[in-house]
Each structure stands twice: as C-alpha cells, then as structure tokens.
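Participant: Predicted model and sequence below, questions to follow.
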Amino acid sequence: MLVLKLLFRNAFRNKLRASLTILGITIAILAFGLLRTVISAWYAGVEASSATRLVTRNAVSLIFPLPLSYKDKIRSINGVKTVSYGTWFHGIYIDEKNFFANFAVEPKSFLELYPEFVLSPGETSAFFNDRKGCVAGRKLMTRFGWKIGDSITLKGAVFFGDWDFVIRAVYRGRDENTDESQFFFHWDYFNESLKKKMNHPWVDQVGYYMIGVTRPELAADVAGAIDSTFKNSLAETLTETEKAFQQGFIAMSGAIVTVIQIVSLVVIIIIMAVVANTMAMTTRERIGEYAILKTLGFGGGPIAILIFGESLVITMIGCLLGMASTYPAADAFRNALGNYFPMFNVEKETLFLNLAAALLVALVAAIIPTRRAIKIRIADGLRRIG
Amino acid sequence: MDVPLSYNFRNLWTRRLTTVLTISGMALVVFVFASILMLAEGLQKTLVETGSYDNVVFLRKGSTSEVVSGIGRQQASILETLPEIVIGSKGQKLVAKELVVLIALPKRGSDKSSNVVLRGIEENSFLLRPQVRLVEGRLPRMGSSEVIAGVNIVRKFKGIGVNETLCCAMRDWRIVGIFDAGSTGFSSEVWGDVDQFMSAFRRSVYSSVIFKLRDSLEFQNVKSRIENDPRLTVVAKRETRYYAEQSEIMAKFLRVLGFSLTIIFSLGAIIGAMITMYSAVANRTAEIGTLRALGFQRRNILMAFLVESLFLGFFGGLVGLFFASFMQLFTISTMNFQTFSELAFSFALNFEIIYKGMAFSLIMGFVGGVLPAIRASRMIIVDALRAS
C-alpha cells in the first residue's frame, strides 16, 4: 500500500509532465481502439454470415450470371433444404454518394433463409402482394427519411434505366451484427422489366443462388455436389459457405486492412517513445535519489519496482481514460460514417488489447531508464547535477 | 545578439536519449503521413497515366466504368464512322471496340482469388496505347485463343507466364507474351482478341469504343453531337478523365484515412516534443537566468528555445522522409472499389509530399516548443538565478 502511494506521489511530482504524458497515452489508446474497431467493422459481414448457408455463383467471376433453370437441379441435390436466388442490382439512389446494398431476390425463400431479417407479418404480406414493393432496413429508412408507402426511384448502373419501387416493409436485425442498411425487391419484377428490353443477356439469369442445407455438417458435401453437377456446362459454378464468400470479398481489399493494422501498431510505438522519454527524464532528474536509496542499502530490485511501477501508473491512468472515451468516440464515428460501416461496435477483445498494449508500453518504456538507474555508481549519482 | 546555435546543438546532444526518443516519435508521424500521401499519389498517378489526352472513350449512358457498360454492335459501327477519328499509318481509322470482363484468378502466396480485368482488343488497341510494350514472347494472333498478360498480373498471380494457359469460359487461353505498360492500369490486365472473348463469354455487346482524335480541340464537338444523337445511348469522355474518375473514391479514402490518422498521431508527437522542451526549460532555469544576466533579451531566449524545438522537428522530418522514400520500392496490389478489379500501384514520392512532410514536422516542433519557450522567456532573472 505504501509502495502504491509512493508510486502515485512520484508519478505526479512533475504535474505538467505527468498530465501531458497521460494525455498522450489517452489519445494513443483511443486511436488504437478506433482502428481496431474499424478493422472489426470491415469483418462485420463475415461475422454476421452463417456457416449453414451456401452461396453458388458463376465460377468465372461474380459479374457472370447463372441460368434460372439451375434452381430445380440444385433443389434435387441431397441435403439441400431451401434454394433462393438473387441478383446484385447496383442501383443508385439520386447520387453515387448514397451508396447502399440493393438486391433483387425471390422474397419467400429469401426470408425463410435469412431469419435474422425480422419483418412484421402485416408488412411481409404487403410486400409479397406488391410486385413493385421493396423492403429496406431500419437504418436505411432513417438515413433517407423514408416512410412505408413512399415511392422511390433507383438508377440502374448495370441494368440501365430508372426503376420505381414502393416501400412496403421495414426489416430490423435479429442479432446485433445484422446489417440493417440493405434493400431488397422482387426478382420477378426485375426479370419482367428486363424482358421488355430486347434480348437482354440477364433475362432468366440470376447473379447467385443462396442455399440452405439440412444439417451444417453437410455443407461441404452439398457444395461439392452442386459444382460437379454443373461441371463442363456453359456456366460452371463455384459454391462456398456464405462465410468463405464474404471473406473472399475482404481478401480483395486485404492490403488496406493490412495498412490499418500496421498503422495501429505504429501508434503504439509512437506513444512508447513518448512514455520512454518521460521516464528517461524522470530518472535523470532523480538519479541522486536513487544513489541515496542505494546508500541506504536498497538493491536494484526495489529501484526497478519504483521505476516500472511509476511507468505503469502513468500508462494505466491514460489507458483507462482512453478506453472510457473510446465509446463516445465510436458513437460519433458511427454517426459520421455509419453509411460506409453498417456495424461499428467496440468489441471486448479491443479492450483487452488496449490493456495489453498499455502494459507493453509501460514495461518497454521503463527498461532503459531502469538500467541506467541501477547501473549508476553511488558516488557518480550523488555527484551528478540535473 | 542571438544565442548561438551551437548552444542548442550541445543541449540536444547532452540529453541524447530524450532527443532521440522525441525525434523518433516525430519521424514516425512524418513517415506515416508521407507514406499515405505517397500511396494516394501513386494510385492517382497510375490511373491518370493510364489514359491519353487525345483518346476518347465511349461508354453506355449511366455507366461509371467499362465493366458495367455495354455498346451494341450497331451503335459501335455508327461510332466507327465518325469523321474526327485520326487515320493511322496503314490508312486505317484508329478506333477500337473493346470488351472488358472480370475473371477470378488465385493470387500468389495467399491463394485467395481476386478479380482481374480481361480486355478484348483489336489490333488498333496497341496503336491507341503506345505505352504498352512487349517484354517477353510475342503479340497474340487475332482470331486465335492467344492472350498476353500485364507484368503486374505475372508478378501477383499464380500460374501466369509465357506458355501457361488460362482456363475460363470453357476454353484454354494460351499466354503467348507479357507486356509492360509502365505504371499504368493496363499492366494489371490480360489482353486477347475481342471477337474470341465475345463468343467465349457469350457477350453480344462491346464494353467500350475508343478512338484517337484527329484534332484535340474537336472533343467538345464530338461529345455534344454523339450525346444528342437519338440512335445512340452513349457518353463520351476523354480517356484521361475516365481513368481519373476511376481513382477518385479510392484516393479520397486514402487521403481522409491519412489525414485523420496523422492528426491523431501528431498530437502524440507534439506532446512528446512539449514534454522534452518543458523539461529542457525546467532543467536550465539557472542557465536561463545567467543568459539573461549576461544581457540576452527575452526574445533571444524565446528564439533559442523555439529554434531548439524546430531542430527536433527538422530532424524528425528528415528521418521520417528518409525512411518513407524507401517505400517507393514497394508495390501495393488491392481491389479498386470502383472497378471491382485488382489494381497494382506503387508509392510515389514527389516534391509536394516532401514539402508537406517537412512543413508538417516543423509545425509539430513549433507547436510543441512555443509554450515552453514562452515560459522560458518570462522568467525573472533573480528568481531564475536563485532556482538552483
């Protein structure tokens, strides 16, 4: 207890320096926490996806379609429970800045396959009964101030023209990590409209199939069976679990995630330099005191405890302040950039990493000063001035 | 009279550990700052250099990139008859109808697949892109399943090289050559005969039509005439403009990321400098008193400490930029959100980034040093002398 008091007294002997250092750590921990959260937001789609759902797409790449006729062939494969399909529509609402994910889907099987999208029964049937109807996520509704019954128009970037929809339902997420900013409409409406254009290549073609399997452990076998069914056909397929599919997306932008990861380490190194600097100054000023302690018979151990302890006190205070301010900062971040990152939640793991980082900084920063303090000969220490 | 500079140098030298730590903190900030600016610069350089100013690209109205665009054969043949197209050396019109599709290829190392642009070309395409040079093998014969691959594709993707085959659309495409288009987006593409690609991928429409202007000034004429032609649903863009637009979101993302990170980081480094300078002032109270007693003015003291802090910033900037310049050796390959395909680009350093980095570093030194310097200059001689 006495040691702790001594550590605090020592740490705050130079109030200005101590508070500046603490401020620095607070900022660094805050930045570190936010960067970790950005990375986990990047992976949110993977976290939210299920391992029991499969995604089948054209083996060449995502921009090639699959024929609708594959649906029944897939359904007849052993282990398949539900088959749904959809097309990535890439519609633009007024301006490219207002980006959100929008899909043409087969509504009944889609909602069956995605129980995490919760709709009220009344709205569900209203959506089913209106071919021009669409469903938007709760966040998307608030973002554009839409209400049920509103007519909206999307400009097709891939599927040329203006497309009109009527909002018939709002969905909310069952789980915390469900993306509430997506937009769905009837694939039938989409297909009928394409048919009116002279032989559009996407008529009766779908972008991907989503497949629910009866038991999760069958997923790999079912995926293999689907791909071998369509081997050597005009449109070969590639089937993988939804998780792997999402991970594939992230892997493509992997370089950016790596950059953010490196940068979140750099911020820790910068703060290490700052804390090490503070500790170096502190010990330099007190070298005489350490000499006196040595004269009194204290060995290297107690002196090391004093220096390491002081470093720990400073970093831990900064770390706690930083962690406390991570939450309001994350909220502000979500309000500002929520459109790009549908999920922005601080994870528990981030907090532990914060603590670990602060501990590491405290220890590393104290090494050189401690070595100096222990090595110095008593006579030199007493003789030395400032 | 000013306090001599050697005084500042010696002070920094006496507190070596502190000085080195402060400088390395600042250097790291400048390093991150410069690297991210270099990345954004490299990306834009790559995409801007990809286009030529005199080339005009036609895309379907409403489409933002070649991947989602489509121009029917009929419309393409109308575009081929434009009088503004320059005539090539063999008397042919320098116009090319091209097809762009994306295929997924496994990357080297990670085995994860990424999208690669497969560009269907005509013979004129090489004349329209003079930056494309063959470095190995030969050009593909038109009318055959032969393709050539860009150097960045060879470097970053598995199983790409001369005499290897690419398998997609139920055909085997033999790679007969490797081309280098400098630091342009074409180096991240695979090229082959457009008609072969169209039949293999069952596409009935081209992605884009590109031609070279007879006279650079005629662009506005062509644009307004074509876009008002009721037979056509296309937009015309200069090729440079088209590729600049492709990099906009990505470059903006990198810049915003870079600036917000460096601002946070610089707070840390400024605090580091401030701690150093405050302690320098506190340790030297008696010295300051002596200097004042010797007749140095308050502003001389202020300047002396500011200069010392600016030195810290200056060295921090130098070290940071020194290490950042090595980043030019690296090439980053990532997905461009706008085209949804792989693009390789390297860090590019230019004088603007050097100025910005140095200025930034000096500002950090100044901000960190100004308060301590003011404190030093405000000291009263008697109190300062008595301090020790």
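Facilitator: Structure received.

Participant: May I have the residues that are in contact with B:I264?
Facilitator: A:27, A:30-31, A:267 (C-beta atoms under 8 Å, 6 or more residues apart in numbering or on different chains). (Each C-beta comes from the backbone N, C-alpha and C, glycine too.)

Participant: could you redo the last one with a cut-off of 7 Å?
Facilitator: A:27, A:31 (C-beta atoms under 7 Å, 6 or more residues apart in numbering or on different chains).

Participant: cool, the one 5 residues further on as well?
Facilitator: Residues touching B:A269, when contacts are defined by C-beta under 7 Å, 6+ apart, comprise A:270, B:25-26, B:29, B:364.

Participant: neighbour-wise, which of the residues you listed leads?
Facilitator: If you count neighbours using other C-beta atoms under 10 Å in any protein chain shown, the busiest of these is B:M26, which has 34 neighbours.

Participant: I'd guess that residue is in a helix, am I close?
Facilitator: Yes - under DSSP: H, G, I helix; E, B strand; the rest coil, B:M26 sits within a helix.

Participant: per-residue pLDDT, it?
Facilitator: B:M26 is assigned 88 on the pLDDT scale.

Participant: With B:F366 instead?
Facilitator: pLDDT, B:F366: 93.

Participant: for B:E342, same thing?
Facilitator: Note on B:E342: pLDDT of 78.

Participant: Residues of the stretch 1-150 of chain B that sit close to chain A?
Facilitator: Contacts of the stretch 1-150 of chain B with chain A, taken as C-beta under 7 Å from any C-beta of the partner chain, map to B:17-18, B:21-22, B:24-25, B:28-29, B:32, B:60, B:62-64, B:67-68, B:101-104, B:110, B:112-115.

Participant: can you tell me which of those residues are in strands?
Facilitator: Using DSSP state E, the subset of the residues of the stretch 1-150 of chain B next to chain A located in strands is B:60, B:101-104, B:113-115.

Participant: need the contacts of B:A269 in CSV with distance to B:I374, can you?
Facilitator: CSV is the format used below for these (distance: C-beta to C-beta, whole Å):
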residue, distance to B:I374
A:I270, 26
B:G25, 22
B:M26, 21
B:V29, 24
B:M364, 17
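
Participant: among those residues, which two are most distant?
Facilitator: For the contacts of B:A269, with distances taken as C-beta to C-beta, the pair at the greatest spread is A:I270 and B:M364 (11.6 Å).

Participant: overlap in contacts of those two?
Facilitator: B:29, B:269.

Participant: Sticking with A:L238, tell me its helix or strand.
Facilitator: Taking DSSP states H and E as the definition, A:L238 sits inside strand A:237-241.

Participant: Okay, angle between the helix or strand that that strand is followed by and strand A:237-241 too, please.
Facilitator: Note on strand A:237-241: by DSSP H and E, the next helix or strand toward the C-terminus is helix A:242-252. If you take axes from the mean of the first three to the mean of the last three C-alpha atoms, to 10 degrees, helix A:242-252 sits at 100 degrees to strand A:237-241.

Participant: residue ranges with poor pLDDT in the chain?
Facilitator: Just going to use chain A. Residue ranges of chain A with pLDDT under 70: A:252, A:337-343, A:384-386.

Participant: should've been chain B
Facilitator: Along chain B, segments meeting pLDDT under 70 span B:1, B:337-338, B:387-388.

Participant: quick one: the strands in it?
Facilitator: Along chain B, counting by DSSP E, strands occupy B:55-60, B:95-106, B:113-121, B:133-137, B:146-150, B:165-168, B:171-180, B:189-193, B:208-212, B:234-238, B:331-336, B:341-346.

Participant: Nearest to B:F296, out of those strands?
Facilitator: Per C-beta to C-beta, nearest to B:F296 of those: strand B:341-346, 50.7 Å.

Participant: who's in contact with that closest one?
Facilitator: Here strand B:341-346 makes contact (C-beta under 7 Å, 6+ apart) with B:42-43, B:46, B:102, B:114-117, B:152, B:156, B:183, B:185, B:187-188, B:328, B:330-336.

Participant: Of the residues you listed, just the buried ones, ChimeraX syntax please.
Facilitator: Remark: buried members of these, expressed as a ChimeraX selection using 16 or more other C-beta atoms under 10 Å in any protein chain shown:
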select /B:42,43,46,102,114,115,116,117,152,156,183,185,187,188,332,333,334,335,336
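
Participant: which parts of the stretch 201-350 of chain B sit against chain A?
Facilitator: B:204, B:261, B:264-265, B:267-269, B:271-272, B:274-276, B:278-279, B:283, B:332-335.

Participant: B:L128 touches B:L213, doesn't it?
Facilitator: No - the pair B:L128 / B:L213 is not scored as a contact, 11.0 Å apart, by C-beta atoms under 7 Å.

Participant: can you tell me the helix or strand for A:I39?
Facilitator: According to DSSP H and E, A:I39 maps onto helix A:15-42.

Participant: just the angle between that helix and helix A:242-252, please?
Facilitator: Interaxial angle, helix A:15-42 versus helix A:242-252 (the same axes, to 10 degrees): 120 degrees.

Participant: other SSEs contacting helix A:15-42?
Facilitator: For helix A:15-42, the packing partners by 3 or more C-beta pairs under 7 Å, 6 or more residues apart in numbering or on different chains; DSSP states H and E come out as helix A:254-285, helix A:300-337, helix A:348-375, helix B:239-283.

Participant: what's the closest of these to A:K139?
Facilitator: Comparing these against A:K139 with C-beta to C-beta, the closest turns out to be helix A:300-337 (10.2 Å).

Participant: by how many degrees do the closest one and helix A:348-375 diverge?
Facilitator: Interaxial angle, helix A:300-337 versus helix A:348-375 (the same axes, to 10 degrees): 150 degrees.

Participant: Since that was my last question, I'll sign off now.
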